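**Student:** coordinates only, no sequence provided:
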């Protein structure tokens with residue numbers, strides 16, 4: 001079933017721009033699977049929040065969590081490099097990708113139902129405590145559990161296709177073989193103490209070597225939301241994701257592979 005689910009997600013993503021007339025286009029998605037019984041899910045209540053949901057709370061007989069990464073096309077990434085505020089293209093990509101995730105999950109829900117399986121859909125975003133700014137279903141941490149990547153110094157998940165994109169997930173009672181976590185470190189700083197480019201890119205000083213001020217970060221996101229309010233809800237920034245080595249790839253993996261060739 002791994003191959004079938006991957007094919008459904010990739011075909012749906014490829015056809016989506018023409019079907020709905022979106023401005024945004026996406027690269028080929030990455031897909032991974034986690035066992036709903038993985039012990040790391042329980043650890044999220046210590047690492048993130050005591051209220052973080054467990055798969056079987058959203059679907060009592062949960063067996064698998066399907067996670068996918070939708071990478072932004074290069075143009076969207078490049079347009080968000082200049083200036084302090086996020087670009088219109090980045091704001092549009094954020095809004096349209098959230099819609100794609102909602103539509104994708106509805107599609108997967110229907111496809112699984114045809115096979116006789118149930119699923120529980122989780123929202124792409126805005127499922128967080130407005131005071132603490134902490135999510136009750138962290139797609140980034142779920143993706144880590146599923147083996148899609150590792151965390152960068154910017155707190156984003158760095159996948160084999162970088163960190164510029166959006167994550168979606170779906171819980172099902174269909175048992176699918178989990179993706180193996182390799183334990184590879186994709187962040188140059190966490191691997192070898194190099195880079196720190198994302199800290200330099202943060203326009204509000206929310207991201208520093210001392211830690212991350214999520215309220216200062218979100219204040220910048222709300223400024224962008226106000227600027228692009230005519231488009232929809234675009235409380236997003238993304239400056240620490242663009243013009244950095246991990247924007248579109250895993251630089252640590254590339255570095256290791258290059259060393260092996262040498």
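**Tutor:** That came through, no problem. On a predicted model such as this, the values are computed, not experimentally measured, just so you know. Residues are numbered from 1 along each chain as shown.
**Student:** from here on, contacts and neighbour counts on C-alpha atoms
**Tutor:** Noted.
**Student:** what residues of stretch 176-186 count as buried?
**Tutor:** 176, 178-179, 185-186 (16 or more other C-alpha atoms under 10 Å).
**Student:** out of these, which is nearest to residue 19?
**Tutor:** residue 176 (29.3 Å; C-alpha to C-alpha).
**Student:** which residues does the closest one contact?
**Tutor:** Applying C-alpha atoms under 8 Å, 6 or more residues apart in numbering to residue 176 gives the contacts 1-2, 33, 35, 63-64.
**Student:** please enumerate the strands of the stretch 51-200 of the chain.
**Tutor:** Taking DSSP state E, counting those that start in this stretch, the strands of the stretch 51-200 of the chain run over residues 64-71, 119-121, 149-151, 157-159, 165-172.
**Student:** among the ones you listed, which is nearest residue 140?
**Tutor:** strand 157-159 (5.9 Å).
**Student:** now that closest one: buried residues?
**Tutor:** 157-159.
**Student:** equivalent analysis for stretch 68-75, please.
**Tutor:** Quick answer for stretch 68-75 (16+ other C-alpha under 10 Å): 68-73.
**Student:** what do you get for stretch 44-52?
**Tutor:** Taking 16+ other C-alpha under 10 Å as the criterion, stretch 44-52 shows 44, 49, 52 as buried.
**Student:** and stretch 151-171, by the same measure?
**Tutor:** For stretch 151-171, by 16+ other C-alpha under 10 Å, it's 151-154, 156-171.
**Student:** flag the shaky bits of the stretch 1-150 of the chain, pLDDT-wise.
**Tutor:** Where the stretch 1-150 of the chain drops to pLDDT under 70, the residues are 123-133.
**Student:** where exactly do the helices run in it?
**Tutor:** Remark: helices assigned in the stretch 1-150 of the chain by DSSP state H, counting those that start in this stretch are 2-20, 39-47, 55-58, 74-79, 88-114, 139-145.
**Student:** just name the most buried of the ones you listed.
**Tutor:** Across these, averaging neighbours per residue (mean count of other C-alpha atoms under 10 Å) puts helix 139-145 on top, at a mean of 23.
**Student:** quick one: contacts of it?
**Tutor:** Contact with helix 139-145 is made by 32, 34, 38, 40-41, 44, 67-68, 124, 149-151, 156-157, 167-169, 181, as judged by C-alpha under 8 Å, 6+ apart.
**Student:** mind putting the helices of the stretch 1-150 of the chain into TSV with distance to residue 251?
**Tutor:** Below are the helices of the stretch 1-150 of the chain laid out as TSV (distance: least, C-alpha to C-alpha, whole Å):
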stretch	distance to residue 251
helix 2-20	24
helix 39-47	26
helix 55-58	32
helix 74-79	16
helix 88-114	22
helix 139-145	17
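**Student:** can you tell me the closest non-neighbouring residue to residue 41?
**Tutor:** Nearest non-adjacent residue to residue 41, counting by C-alpha to C-alpha, 6 or more residues apart in numbering: residue 54, 6.4 Å away.
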